[in-house]
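> Can you look at this prediction? I've put the sequence above it.
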Amino acid sequence: MKEKPTPQNILFNRREVLSSAMMTTAGIAALSLSTERPAVAAERDHPFHPLENFKYDLGASQGWSGKGGSAKQVNVDQFPISKSIAGVSMRLEPGAIRELHWHAIAAEWAYILEGNVRTTVISPDGQADDVYFSVGDVWYFPRGYGHALQCVGPKACHFLLGFDNGNFSEFGTFSITDWLAVTHPAIAARNLGISVTALAGFPKEEAYIVPGKLPPPVPSEPFRGGSVPTSQSVHKFRMAEVEPHRFPGGTERVVAAAQFPIQTTMSAVLMHLEVGALRELHWHPNADEWFYVAAGRCRVGLFGAHGRHVVDEFRPGQVGFVKQGFGHYIEQLGDEPTQLIILFNSPVYQEISLSKWLAGNPAQLIADNLGISQTLVDQMPKHWVGIFGPQK
Ligand code: MN
Ligand code: MN
């Protein structure tokens, strides 16, 4: 007699499908693409779909490119799972300017990957800033603050931008040239204090990124202590210079509102994984996670409850997204260390790791839960590990 389907045996059957699929390499490849997974009845009734695609190849995307630089964007249009965070990989030639603009629906966070960048920013109280950034520095502009960026040379710059809204579009921001081009010439001329005829030389549409002249270099003499933070600027944080949390297999540098008070809607982690390292199983109780692989490779395993699990591999330029509360791990791959820039949509950074959790429970309870001996439980970590070193 055929067994009546129940949610339990549908789930069980699905687990069988998954485990048999895992037997083959092709099965593992299929698992990495949500579209290639076998359809499962139990999932259709579930309010969320944890196995929807969680990887986007930002580096390989087409993007925008012009005389002064280029920009590649990932938001919900390209990456539907990423509703809370959008990102842009931008490159500017020396002197080039990402023009005066603001973002109506998102705050902007940035991390400098290569080169030197200058920003100007205006806040509602009329305070202005003109600040230089170099590799490892972070900026944060609250939603709606007017700003501009310039590559100050001597070489081209590359930086990662993060926005606290997945609907954000870099190509739909509020730019000064766009605004002036659509405003009636009599009004624009009056506001600028120039003649209507002088307006004729202005851009006819949004300029976006334009070539510009290099500003004079800022004279600077390094401090005797190389890692002393020099910035007292409200929207600049020298992330690469902070003392990291050190773990057996790597480091984490955290920037949250506690370290950088203006950063009121996001937090971030700069994660360095040594060859062979494992960022252990963990979850974030309070935030979605958006990550960008800056160097090296890794494999990420994602757990979405009810036996649902997906694994995928990431290389430089690729972006991943983990929904709030979903379990995950990051396994370092390849012969060079792996570096990730990780954003969270909360100003407070929180995580719970498997080792932390197990250490915070009585041995007998763990033994009974897992159906194992206390001797075996004694071998398990008794404190938070965070990042495991290479296997001996
Ligand atoms: Mn911007
Ligand atoms: Mn995480």
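Received the coordinates, thanks. Ligands and ions are numbered 1, 2, ... in the order given.

> quick one, domains of this structure?
For the chain, automatic domain parsing gives the domain ranges 58-219+228-237, 242-388.

> Please name whichever of the ones you listed is nearest to L51.
Nearest to L51 among those is domain 242-388 (5.0 Å), distances taken as CB to CB. All C-beta spots, glycine's among them, are computed from the backbone N, C-alpha and C.

> Quick check: end-to-end length of the closest one?
Domain 242-388 has an end-to-end distance of 22 Å (CA to CA, to the nearest Å).

> List the contacts of E331.
L278, R279, C298, R299, V300, G301 (CB atoms under 8 Å, 6 or more residues apart in numbering).

> An error on my part: the question was meant for L270.
Per CB under 8 Å, 6+ apart, neighbours of L270: Y111, G136, M239, A240, P244, E252, R253, V255, Q339, L340, I341, I342.

> Tell me how far it lies from K67.
32 Å (CB to CB, to the nearest Å).

> same question, L180
For L180 relative to K67 (CB to CB), the value is 20 Å.

> who's more crowded, the two?
Under the neighbour definition other CB atoms under 10 Å, L180 and K67 were set side by side, and L180 has more, 19 against 9.

> isn't that one right next to A188, touching?
Yes: taking contacts as CB atoms under 8 Å, L180 lies within contact range of A188: 5.2 Å.

> any shared contact partners between those two?
The contact sets of L180 and A188 overlap at L199 (CB under 8 Å, 6+ apart).

> Count the neighbours of the residue lying closest to E336 once chain neighbours are set aside for me.
Distances taken as CB to CB, 6 or more residues apart in numbering place G296 nearest to E336, at 5.0 Å, with adjacent residues excluded. G296 is flanked by 21 other residues according to other CB under 10 Å.

> contacting residues for the residue nearest to F141 when sequence neighbours are not counted?
Closest residue to F141 apart from its sequence neighbours, by CB to CB, 6+ apart: E108 at 4.5 Å. By CB under 8 Å, 6+ apart, the contact set of E108 is W139, Y140, F141, H147, L161, G162, F163.

> The fifth one: helix or strand, and which one exactly?
Taking DSSP states H and E as the criterion, the element that holds L161 is strand 157-163.

> Run through the protein and note the low-pLDDT ranges.
Within the chain, the segments meeting pLDDT under 70 span 1-50, 219-223, 226-232.

> Where do the helices of it begin and end?
For the chain, applying DSSP state H gives helices covering 7-22, 25-31, 41-44, 176-182, 185-192, 354-359, 363-370, 374-378.

> I'd say F326 and H306 touch.
No: F326 is beyond contact range of H306, at 11.9 Å (criterion: CB under 8 Å).

> Nearest to L214 among the contacts of E331?
Ranked by distance to L214 (CB to CB), the contacts of E331 are led by C298 at 37.1 Å.

> any idea how far I176 is from V182?
Distance of V182 to I176, computed by CB to CB: 11 Å.

> scratch that, F202
For F202 relative to I176 (CB to CB), the value is 10 Å.

> what's the answer for F326, then?
Per CB to CB, F326 is found 41 Å from I176.

> For the closest residue to H309 other than its chain neighbours, give me its contacts.
For H309, ignoring the flanking residues on the chain, the nearest one in space by CB to CB, 6+ apart is F303 at 5.4 Å. Applying CB under 8 Å, 6+ apart to F303 gives the contacts P50, L281, H309, F326, G327, H328.

> Buried ones among those residues?
By neighbour count, with 16 or more other CB atoms under 10 Å, these hold P50, L281, H309, F326, G327, H328 as buried.

> List the residues that contact E93.
Residues in contact with E93 (CB under 8 Å, 6+ apart) are K67, G68, G69, C151, A156, P211.

> how about a cut-off of 7 Å?
G68, G69, C151, A156 (CB atoms under 7 Å, 6 or more residues apart in numbering).

> give me the number of residues near the second one?
Taking other CB under 10 Å as the criterion, the count of residues near G69 is 23.

> what's the answer for A128, then?
When neighbours are defined as other CB under 10 Å, A128 has 9 of them.

> any idea how far F260 is from it?
The value you get for A128 to F260, if CB to CB is used, is 19 Å.

> Just to check, F291 is in contact with F344?
No: using CB atoms under 7 Å, F291 is not in contact with F344, being 9.7 Å away.

> Neighbour count for the two, which is higher?
Neighbours per residue (other CB under 10 Å) separate F291 from F344, with F344 holding more: 29 against 26.

> Quick check: beta-bridge partners of the more buried one?
On the basis of DSSP bridges, F344 is bridged to S267, E289.

> OK, contacts around it?
With contact set as CB under 7 Å, 6+ apart, F344 has these partners: M266, S267, A268, H284, A287, D288, E289.

> That one and G146: what is the separation?
26 Å.

> my read: Y145 touches W102, true?
Yes: assessed by CB under 7 Å, Y145 is found in contact with W102 at 6.4 Å.

> Run through the bridge partners of the nearest residue to I330 once chain neighbours are set aside.
The shortest distance from I330 to any residue other than its chain neighbours is 3.9 Å, reached at R279 (CB to CB, 6+ apart). Judged by DSSP bridges, the bridge partners of R279 are I330, I387.
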